[in-house]
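> Quick one, what's the 3D model for this:
(2 chains, ligands or ions: 5)
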Amino acid sequence: MPRIGVFVCWCGSNIGGVIDCPKLAADAGELPGVVLSTEYKYMCSEPGQNSIIQAIRDHRLDRVVVASCSPRLHEETFRKTLARAGLNPYLFEMANIREHCTWVHNKEPEKAQVKSLALVSRAVAKANLLEPLFPSSIPMTKRCLVIGGGIAGIQAALDVADAGHEVILVEKEPTIGGNMVKLDKTFPTLDCSACISTPKMVSVSTHPNITLYTYSEVAGVDGYIGNFEVTIRRKASYVDHSECTGCGDCQTKCPTKVPSEFNLGLSTRKAIYIPFPQAVPNKPVIDAANCRYFTTGKCKVCQKICTTEAIDYEQQDTVITEKVGAIVVATGYQLFDWAAAYGEYGYGRYPDVVTGMHFERLVNAAGPTGGKIQRPSDQSEPKTVVFIKCVGSRDPAKGKEYCSRACCMYTAKHAHQVLEKIPGANVYIFYIDVRTPGKGYEEFYQRTISDGAVYVRGRVSKIYQMGDKLVVRGSDTLLGRPVEVEADMVVLASAMVSSSGIQDVARMVSVQVDKDGWLQEAHPKLRPVETHTGGVFVAGSCQGPKDIPDTVAQASAAAAKVCGLLSREELATDPMISTVNQAICTGCGLCVPACPYQAVELKTITERIPGHAPRERTVADVNSGLCQGCGACNVACRPGAMQVKGFTNDELVAEVDAICL
Amino acid sequence: MKTVVDNLRREAARLLAGDEVKMVIGYAAGTDAARTTPCFATTPEQAALLTWGPLCANNLVKYLLDYRFEDTRLAVVVKGCDSRAVNRLLQDLQFPRQRLVVLGVPCGGQLDRASILSEIPPGARLQDIEDTGEDLVLVTDKGRLSFPKDRFLMDKCYRCETNMPVVADFLAGEPVPSPAREGFEHTAEVDGMEALDIADKSSFWDNEFSRCLRCTACRNACPACSCKECVFEQAVPGWQQSGIIGSKVNSLPENAVFHLIRMFHVTGRCVDCGECERVCPVGIPLRLLYRKVLKDARILYGAGTPGMSTETVSPLSEFRPDDPEEFM
Ligand SMILES: Cc1cc2nc3c(=O)[nH]c(=O)nc-3n(C[C@H](O)[C@H](O)[C@H](O)COP(=O)(O)OP(=O)(O)OC[C@H]3O[C@@H](n4cnc5c(N)ncnc54)[C@H](O)[C@@H]3O)c2cc1C
Ligand code: SF4
Ligand code: SF4
Ligand code: SF4
Ligand code: SF4
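Residues are numbered from 1 along each chain as shown, chains lettered A, B, ... in the order given. Ligands and ions are numbered 1, 2, ... in the order given. Below is the predicted model of the structure:
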């Protein structure tokens, strides 16, 4: 018979102010298996913990129940207390009589008294069946994979690499840099985006600890924390980058022009191209879908011009595998497809209705217009520019419910840039709210207003072309009247949405995607860069819309978590994971697809039964590195062969009985 | 019908003679004219005992489980509905396909033995049943009685989804028309039960479950029940205890626990072969219960009748990121 000690905590007046703790302790003393039941003001305090240790020794306790707050808060604390007393830390059960009882029933103390005893009975019933559990350990591969080479991925890779660990950075485009390098200046300080991001890009390519795979995608992730095996597909670039010097002669001579992705179609590039002059790596790739040689079989101009014979039309996609211990996902964002959703803004038919990102390229000295703000339709300088905020953001009917967070600030930035570059320009900004929570942000916004930007509170209901003007019709909800502006150019602050392909990445690394399509962090406040899958972290705008300061801060946070992990030689695994009773397992395999973490596999065992020849049979097997103890497989298993240690069917049934019978 | 039987016997004899299989599981004439009995033929001579007709309701697939841990190759005779059970066993990894030869028979519907017997006048003895195609002639020692065949069809046959096997290595005959009838939509009977208010529904099932003998015939006949050690036979503590077979407790709540747990175990897996209901000695409408969850799985997860192929996964044992979770 187990010897259970029950320790009721007052939590000051949190619990003690609602129920009668001495009475609860006395009642709990009557429960089966309980040899000691006592109470104390603060069980988690040092004297509280010491009293538990003393009681374990004095009363030879072999199970401990603490009735106090949420296990989320102090389960770890008390497990350590048990360990200090020489008891297996898993012979511990907590009854949450604070969040689950006194906090919610503080107006009904009598009922709270009854309920708290029920909760303690539950814990005691389970404690009677607890068994010691032991963590096992898995080795640690001290390398990190970063998926996505935007500023988030770059920062995380550099931080981890600087700490002395190897990093594999995978970027799907031909260059790293992501959205940030496309920007002109960055709020609130207005420093030039390229000037602060391209040096970091170069550091990535020259860092001895970083292996950079651009034009590559992660095709599969196997394994588990500390021991991931990643398959990476490197798309054929048709240029041997070990021979290429990056002289760029090929792209000068290439006869095929296609719209430039980097400039969002505002200029053209060649079929063999380096996306922009500061690209990293600064080596071209051939866009086979548009290359004249690949489409017609004739051309090979680039091959003729290349002095180092780097062009290789025969090159194939290659697949490589890398072993890593941790993964940072930093796949960033893309812009909401406003043209498909906002018919009233012309479905993208009017060339002078552009997005904020187009504006960034138009105002950028290295952009297609050399930094002159020009209308895409006729290259004239716009005199009246209308900005519309929240296009696709905060609009559940047509777009997304959430706020994209960066738009208020970059629109203020854009307005400032128009007023600065075009003397006498008129700027109107249609908005729902102006949100400027950030260091120096409100000041920046006020400056834009004093520059002369006119903020109009209200949504725009229609844009239509009249001659060479765009008529913007909306309402001013503060003055309660309709407004109409004849604009030369309209800039839409379109919502940030997660990058296409995020679902595939999420599935490969077993991370949930939230209702808006962003990657789900483990806890919005307390575990913002972790995910529910051990060893997988998120950084930057793939987790939710963010500006650069927040992105970089989060990337460094993820890097710190990765470094913490990689500094260990081996990892202790949580012992509260599933295990299979092979004698009962039928080998039906229903638990295999039930596991969200691909932790269950079938294996063949040889079974010896008295009076029979040894026979082979299939049974389930749980990988202790992958299993997160979620219990999904337990429910799928009809004979009950699959059970989570520490949450066995017997234990759960005993708890239900204690509460309900 | 005659040619189907001949084809079946010929193929069975060939398989046994060539040692391609160790045993053919099929039907043989029964102890009276209104029934057949399972037949386990192990020699080419015994193949001549095999028969086929509208009185072959048994789903023989379940017998395969008796041989699952051996390495012999077996053949089994299946109707359309039984063939779904073959897929059940294959999907549940309870029998390897390479050890199995599926002998398919075209089924025009199966007859309900009890309703046939109820037409025999007191004192008369059924000697033979003649199937004229349209009609069924009951030959008794007191004379011949002719009835439209429809009258005796099993309820499940009116709702038949596949009267030809969905999996077969050998087909003993040409396809025949399905016995399914209009007005017996797949879920019609469930709709009726769902329409009852909660109190009526509860008393309906209380009434049914209270008659259960816990003989476990339903489980024993079920091809979805393939566990090495059934939960109801394990020593368990607490309230489940009374649900186990060893328990002497036989009260309504215990019976309800038994049936509801079994219901969850066959959700997304029950192939709707109807065997449980047919073998129940006290006539509990078990299919109604399982068809309710079949319907729910269809509506919530778009799941079709299990066993139609080996591709579909039971929605309750699969994790999909887009699973409905409106309760959260
Ligand atoms: C118009 C506009 C102006 C802005 N101006 C400012 C400003 O002035 N100041 C400021 O602080 N913020 C500004 N922002 C916000 C800023 O752009 C973001 O905060 C920042 O770029 C986020 O960086 P990231 O690394 O998270 O994402 P991204 O920059 O989107 O980088 C993600 C990278 O991952 C790659 N990737 C995606 N999927 C995969 C995959 N499956 N495999 C491999 N690689 C993949 C992408 O190709 C990309 O390189 C602005 C945003 C917009 C739209
Ligand atoms: S407990 Fe959850 S994570 Fe572990 S094997 Fe079962 S389903 Fe997979
Ligand atoms: S553990 Fe259960 S669900 Fe998994 S294969 Fe074994 S019997 Fe089937
Ligand atoms: S539950 Fe009944 S109908 Fe369903 S597969 Fe089992 S025996 Fe057949
Ligand atoms: S066959 Fe009928 S009586 Fe027997 S256990 Fe099943 S439902 Fe109960």
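
> the domain parsing of the chain - what is it?
In the absence of a named chain, this looks at chain A. According to automatic domain parsing, chain A comprises the domains A:4-127, A:143-235+A:317-332+A:499-566, A:249-305, A:335-497, A:578-645.

> hmm, I had chain B in mind actually
Taken from automatic domain parsing, chain B resolves into B:2-123+B:155-171, B:188-301.

> Run the chain-centre distance for the last one.
When you say that, I think you mean domain B:188-301. Chain-centre distance of domain B:188-301: 15 Å, with C-alpha atoms, centre = their mean, to the nearest Å.

> just stretch A:148-157 next, same as before
On the basis of C-alpha atoms, centre = their mean, stretch A:148-157 sits 13 Å off its chain's mean C-alpha point.

> Is there contact, residue-wise, from that stretch to ligand 1?
Yes. Stretch A:148-157 is in contact with ligand 1 by C-beta under 6 Å from any ligand atom, via A:148-153. In short, each C-beta sits where N, CA and C put it, glycine included.

> Among those, which one is most surrounded by other residues?
The most crowded member of those, judged by other C-beta atoms under 10 Å in any protein chain shown, is A:Ala152 (33 neighbours).

> on contacts alone, who are the packing partners of whichever strand or helix holds it?
Assigned by DSSP states H and E, A:Ala152 belongs to helix A:151-162. Judged by 3 or more C-beta pairs under 8 Å, 6 or more residues apart in numbering or on different chains; DSSP states H and E, the packing partners of helix A:151-162 are strand A:143-147, strand A:166-170, helix A:193-206, strand A:210-213, strand A:326-329, helix A:548-566.

> between the ones you listed, which gets nearest to A:Ser45?
Minimum separation from A:Ser45 across the helices and strands packed on helix A:151-162 (C-beta to C-beta) falls at helix A:548-566, 27.9 Å.

> Using CSV, list the CA coordinates for that closest one.
The C-alpha trace of helix A:548-566 is given here as CSV (Å, rounded to 0.1, in the frame of the first residue of the first chain):
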residue,chain,number,x,y,z
ILE,A,548,12.0,44.6,-38.6
PRO,A,549,12.9,45.4,-35.0
ASP,A,550,10.5,42.7,-33.7
THR,A,551,11.6,40.2,-36.4
VAL,A,552,15.3,40.6,-35.5
ALA,A,553,14.6,40.4,-31.7
GLN,A,554,12.6,37.2,-32.2
ALA,A,555,15.3,35.8,-34.5
SER,A,556,17.9,36.4,-31.8
ALA,A,557,15.6,34.9,-29.2
ALA,A,558,15.2,31.7,-31.4
ALA,A,559,19.0,31.6,-31.8
ALA,A,560,19.5,31.8,-28.0
LYS,A,561,17.1,28.8,-27.6
VAL,A,562,18.9,26.9,-30.3
CYS,A,563,22.3,27.7,-28.7
GLY,A,564,21.0,26.5,-25.3
LEU,A,565,19.9,23.2,-26.9
LEU,A,566,23.1,22.7,-28.9
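
> can you tell if the helix or strand containing A:Leu119 touches chain B?
Element membership for A:Leu119 (DSSP H and E) is helix A:109-129. No. Residues of helix A:109-129 are not located near chain B by C-beta under 8 Å from any C-beta of the partner chain, the shortest gap being 8.6 Å.

> I'd like the distance between the closest residue to B:Ile120 other than its chain neighbours and ligand 3.
What sits nearest to B:Ile120 in space, not counting adjacent residues and going by C-beta to C-beta, 6 or more residues apart in numbering or on different chains, is B:Leu126, at 5.4 Å. Going from B:Leu126 to ligand 3 by C-beta to the nearest ligand atom, to the nearest Å gives 45 Å.

> A:Cys408 is in contact with A:Thr448, isn't it?
No. The pair formed by A:Cys408 and A:Thr448 falls short of the contact definition of C-beta atoms under 8 Å, at 10.4 Å.

> Make CSV out of the helices and strands packed on helix A:151-162 and add mean pLDDT and mean neighbour count.
Listed next are the helices and strands packed on helix A:151-162 as CSV, based on pLDDT from 0 to 100; neighbours: other C-beta atoms under 10 Å in any protein chain shown:
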stretch, mean pLDDT, mean neighbour count
strand A:143-147, 98, 28
strand A:166-170, 98, 25
helix A:193-206, 96, 17
strand A:210-213, 98, 20
strand A:326-329, 98, 30
helix A:548-566, 98, 21
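
> Which helix or which strand is home to B:Arg287?
Counting by DSSP H and E, B:Arg287 is part of helix B:286-301.

> can you check B:Arg14 too?
Using DSSP H and E, B:Arg14 falls in helix B:2-17.

> A:Val511: what secondary structure?
coil (DSSP: H, G, I helix; E, B strand; the rest coil).

> What separation is there between the closest residue to it other than its chain neighbours and A:Arg233?
Setting aside the residues directly before and after it, A:Val511 is nearest to A:Thr531 in space (C-beta to C-beta, 6+ apart), at 4.5 Å. As judged by C-beta to C-beta, to the nearest Å, A:Thr531 and A:Arg233 stand 23 Å apart.
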